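Asker: Generate a structure from the sequence data that follows.
(one chain, ligands or ions: 1)
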Amino acid sequence: MSDILVKPARTVQGTFSVPGDKSISHRALILSAMADGKSKITGLSDARDVASTRRCLETLGVKISTLKGGTVAVAGKGKYGFRAAKGPLDAGNSGSTIRLLSGVVAAQPFTTTITGDESLCRRPMRRIIEPLERMGAHIESSVYKAPLVIRGGALRSIDYASTIASAQVKSCILLAGLYANGTTRVTEPSPSRDHTERMLEAFGVKAHFSQSGAGVQGPATLQACDIDVPGDLSSASFFLVAASLLADSEITIEQVSVNPTRMGIYDALSAMGAMIQTSPAVTLQGEPRADLSVRSARLHSAALGGSMIPRIIDEIPVLAVAATQAQGTTVIRDAGELRLKESDRLTAICKNLQAMGANVRETKDGMIITGPTSLHGAEIESYDDHRIAMAFAIAGLIATGETLIKNGSCTEISFPGFFDLLDRIRHD
Ligand code: S3P
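Answerer: Modelled structure (predicted):
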């Protein structure tokens, strides 16, 4: 745990890449482990959350090795080759790890306990417990929070109308559905990221997916597949905002995921007047990637809500920072889910923006930000939440004076090397 001091910058410049997409990395490890045969993964994220998924899978008996050059090889166990863990699986800080793996262990003929850190143990798990129990699993928990004790067994298919747009919930059910007889379907109020569906197809499983939801036909087997993970657009978003806000900036971020279900940050920033260009996309294993180039621009306010929210769910902290520099009033609504992330992100964003002098008001499901206002350096509480720490590091670049990010090193959860990269591209 260390605090990090951020000084103002004049501009950001350069061509660089960001670590592999975290969501795709979790899925690459899990689907490779469930497949028959050996899969190789290039570009796997080195984030702490992804290491949690790897460790859980290793505890379930999966052999995973890192080869020269960083390629990761996974010796697939097949869907039923996992062995019962001796102790609890530790998902650390990672919601994707606990929710996706719960869908897999719910179908195993043994009991698994899965837990995580203090933050993860506060997050809601009813959203996966209910559908998995409807499929036939038995799950014990205290008030629907981790640790979860999952008594696995034979599952049946379901048609599930989720009341929240959550890729973690959808993916948990789809993974469990691979073990059930018949079609398992999930519908959602608006589309969430579809990486699981795309990667299932790469592993030879027919997944049906559209704007309204996704389905798999069980039982299905997965065939090993080599996966190349594109750069993480959520990690890139901090630099998209920095380059937009700082004068004379020009950056190119190479080979970033441009999956349409993740492109909300591009759409939102473009609607605010940002100058972002994408190179022609190349699709590998179902996932498109492209270079993103950004130049400084004068931003104006936008309305962010409705079906846009799941597409910017992880980018709202840094979009809020951008909104403080935009002309007019930006209203963010329908974002109540942000209270249920690694921290209550609505409160975290608003308190920290207020500490820096922004004109911001927190609402029940979002916030109202009027700009432009000049920000001043302040002591920032990260709440041990990686995306809050990184968003306020960007705020620190455009502020006057110094900004201290308390436990800024929590950025390792999704983006090891974030501050080093920032130091490389900043000019003072
Ligand atoms: C993720 C889905 C999102 C996102 C999280 C990663 C995933 O969560 O916030 O960082 O990998 O499926 P929800 O789907 O629960 O909103």
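
Asker: What about His208, how many residues nearby?
Answerer: Using other Cβ atoms under 10 Å, His208 is surrounded by 12 other residues. The C-beta positions use only the backbone N, C-alpha and C, and glycine is treated the same way.

Asker: Show the model's pLDDT score for Ser210.
Answerer: At Ser210, the model reports a pLDDT of 88.

Asker: any idea how far it lies from Gly286?
Answerer: Distance, Ser210 to Gly286, by Cβ to Cβ, to the nearest Å: 15 Å.

Asker: quick one, which of these two is more surrounded?
Answerer: The neighbour comparison of Ser210 against Gly286 (other Cβ under 10 Å) goes to Gly286, with 17 against 11.

Asker: Find me the pLDDT at the more buried one, would you?
Answerer: 98.

Asker: Can you list the buried residues in stretch 218-225?
Answerer: Across stretch 218-225, burial judged by 16 or more other Cβ atoms under 10 Å covers Gly218, Ala220, Leu222, Ala224, Cys225.

Asker: can you give me the helices in the stretch 301-428 of the chain?
Answerer: Here the stretch 301-428 of the chain has its helices, by DSSP state H, counting those that start in this stretch, at 316-324, 345-355, 386-398, 418-425.

Asker: okay, the angle between the longest one and helix 316-324?
Answerer: The reference is to helix 386-398. 20 degrees (axes from the mean of the first three to the mean of the last three Cα atoms, to 10 degrees).

Asker: I'd like to know which elements helix 386-398 is packed against.
Answerer: Where contact means 3 or more Cβ pairs under 8 Å, 6 or more residues apart in numbering; DSSP states H and E, helix 386-398 is packed against strand 4-6, helix 233-245, helix 316-324, helix 345-355, strand 379-381, strand 403-406, helix 418-425.

Asker: ok so, going back, make JSON lines out of the helices of the stretch 301-428 of the chain and add distance to the ligand, mean pLDDT and mean neighbour count.
Answerer: Converted to JSON lines, the helices of the stretch 301-428 of the chain look like this (distance: least, Cβ to the nearest ligand atom, whole Å; pLDDT from 0 to 100; neighbours: other Cβ atoms under 10 Å):
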{"stretch": "helix 316-324", "distance to the ligand": "10", "mean pLDDT": "99", "mean neighbour count": "28"}
{"stretch": "helix 345-355", "distance to the ligand": "10", "mean pLDDT": "98", "mean neighbour count": "22"}
{"stretch": "helix 386-398", "distance to the ligand": "8", "mean pLDDT": "98", "mean neighbour count": "28"}
{"stretch": "helix 418-425", "distance to the ligand": "16", "mean pLDDT": "98", "mean neighbour count": "16"}
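
Asker: Now distance to Thr163 too, for the ones you listed, in CSV please.
Answerer: Formatted as CSV, those follow (distance: least, Cβ to Cβ, whole Å):
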stretch, distance to Thr163
helix 316-324, 20
helix 345-355, 20
helix 386-398, 24
helix 418-425, 34
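
Asker: ok, the least confident helix or strand in the chain by mean pLDDT near the ligand or not?
Answerer: Taking mean pLDDT, DSSP states H and E as the measure, the chain has strand 207-210 as its least confident helix or strand, at a mean of 90. No. Strand 207-210 stays clear of the ligand (Cβ under 6 Å from any ligand atom), getting no nearer than 14.0 Å.

Asker: Identify all contacting residues around that strand.
Answerer: Leu174, Asp194, Thr196, Glu197, Arg198, Leu200, Glu201, Ala214, Gly215, Val216 (Cβ atoms under 8 Å, 6 or more residues apart in numbering).

Asker: Could you list the residues of the protein in contact with the ligand?
Answerer: Going by Cβ under 6 Å from any ligand atom, the residues of the chain near the ligand are 23, 26, 95-96, 166-168, 171, 192-193, 313-314, 337.

Asker: So which of these are in helices?
Answerer: Ser23, His26, Gly95, Ser96, Ala167, Gln168, Ser171 (DSSP state H).

Asker: Surely the fifth one touches Thr196?
Answerer: Same thing as Ala167. Yes. Ala167 is in contact with Thr196 according to Cβ atoms under 8 Å; the separation is 7.1 Å.

Asker: between these two, who's got more neighbours?
Answerer: Thr196 (29 against 26).

Asker: which residue sits closest to the residue nearest to the spatial centre of the chain, ignoring its sequence neighbours?
Answerer: Nearest to the geometric centre of the chain sits Ser23, at 5.3 Å (Cα atoms, centre = their mean). Excluding the flanking residues, the one nearest Ser23 by Cβ to Cβ, 6 or more residues apart in numbering is His195, at 5.2 Å.

Asker: can you pull the pLDDT of that neighbour?
Answerer: At His195, pLDDT is 98.

Asker: repeat for Ser192
Answerer: For Ser192, the predicted pLDDT is 97.

Asker: Alright, I will stop here.
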